[in-house]
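In: Got a sequence here, can you build the structure:
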Amino acid sequence: MEYRNNVTEFILLGLSQTAEVEAVCFSVFLVCYIAILVGNLLIMISVTCSQLIHQPMYFFLSYLSLSDLCYTSTVTPKLIVDLLATRKSISYNGCMTQLFTMHFFGGIEVFILTGMAYDRYVAICKPLHYTVIMNKQRCDAMIAASCAGGFLHSFGQFLLAILLPYCGPNEIDHYFCDVYPLLKLACTDTSRIGFLVIANSGVMGMVTLVVLLISYGVILYTVRRYPVENRRKALSTCSSHITVVVLFFAPLLFVYIRPATTFPEDKVFALFYTIIAPMLNPLIYTLRNMEMKNAIKTLWCRITGCQ
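Out: Next comes the predicted model:
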């Protein structure tokens, strides 16, 4: 039996149906989004306007902040507006655009985090060859590969979703358009499509996870022979990255690396990788990093004219 797509918009059920809860969420997420904008822009400008841009770790960090900014902006502004709206709707085209851009920038972020793990591996395990291996051409190529990988992942998810027929109902039990909630609305058998969605996310998730685990496994094996002080210094350069990876990857893997189904808890886990992680990343990378603090201080002095 053939189905036609006669849905022109979707209704987003959001985080809550209670007005009081939505009012509180509006205030909290508005503050979070402002913090995301300020924090990530500050890192991008501070790194770009200083000598840190020539160091691979900070070069990747500036692009990570850019991807954070773009990634959260595909979801958070719409969520904030909807928290005050009586009717939370998104057009069919808007929904598919949101799905594509979210997975595109999310994919880029996953690959950049993986590239940063490789950078730390080279810095600690092959320090004498670091400047040769992590040269500008290789760093540029890794960013280009991250963008290409993000596009391929996103295009696969987008293609699978847009080929499905939607003939009602049109209520999405989420605060943004994503593949799994859309599969529930399709008026056809989605078991094969669901498998392809899992394969798409699973391949990317598992490959990057394996690379991360191997990188840090080799790092830990290498530093065990270092004197205590050198070991502590080496591991401190990795601690920020590990924290960011756990904050971003753990909820992401829970949502996407499993059978194609949805749970009420998915919305809570989604908050971690769409809002909380992009907000905390600038803090994590600056609080214990003297070079970043100095770069921000120098930028502030340039703006204010202080000595």
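In: tell me the contacts of residue 121?
Out: Contact criterion CB atoms under 8 Å, 6 or more residues apart in numbering gives 215-216, 218-219 as the residues in contact with residue 121. Every C-beta, even on glycine, is put in place using the N, C-alpha and C of the backbone.
In: and it, backbone torsions?
Out: The phi/psi pair for residue 121 (degrees, to the nearest 10) reads phi -60, psi -50.
In: For stretch 133-142, which outside residues touch it?
Out: Contacts of stretch 133-142 with the rest of the structure, by CB under 8 Å, 6+ apart, involve 54, 56, 59-60, 115, 118-119, 122-123, 126.
In: how about CSV for the residues you listed, with pLDDT and neighbour count added?
Out: Written out in CSV, the entries for these read as follows (pLDDT from 0 to 100; neighbours: other CB atoms under 10 Å):
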residue, pLDDT, neighbour count
54, 90, 11
56, 92, 23
59, 94, 23
60, 94, 24
115, 92, 24
118, 92, 19
119, 92, 25
122, 92, 18
123, 89, 19
126, 89, 13
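In: just curious, which of those is nearest to residue 186?
Out: residue 115 (35.3 Å; CB to CB).
In: Just to be sure, that closest one is in a helix?
Out: Yes - for residue 115, which was evaluated using DSSP: H, G, I helix; E, B strand; the rest coil, the result is membership in a helix.
In: That one against residue 61, yeah?
Out: No - counting by CB atoms under 8 Å, residue 115 stays clear of residue 61, with 10.9 Å between them.
In: Nearest residue to the middle of this protein?
Out: A centroid search over the chain (CA atoms, centre = their mean) returns residue 106, at 4.2 Å, as the residue closest to the centre.
In: List the residues that contact that residue.
Out: When contacts are counted by CB under 8 Å, 6+ apart, residue 106 touches 71, 150, 154, 252, 273.
In: quick one: low-confidence ranges for the stretch 1-150 of the chain?
Out: Counting by pLDDT under 70, the low-confidence segments of the stretch 1-150 of the chain come to 1-5.
In: what about the strands in it?
Out: In the stretch 1-150 of the chain, the segments counted as strands under DSSP state E, counting those that start in this stretch are 9-12, 89-91.
In: Looks like residue 45 contacts residue 299 (just checking).
Out: Yes - contact criterion CB under 8 Å: residue 45 and residue 299 qualify, at 6.3 Å.
In: Residue 100 reaches residue 159, doesn't it?
Out: No - with contact defined as CB under 8 Å, residue 100 does not reach residue 159; the gap is 9.5 Å.
In: Compare the two and say which is more crowded by neighbours.
Out: In this comparison of residue 100 against residue 159, neighbours counted by other CB atoms under 10 Å, the higher total goes to residue 100 at 20 against 12.
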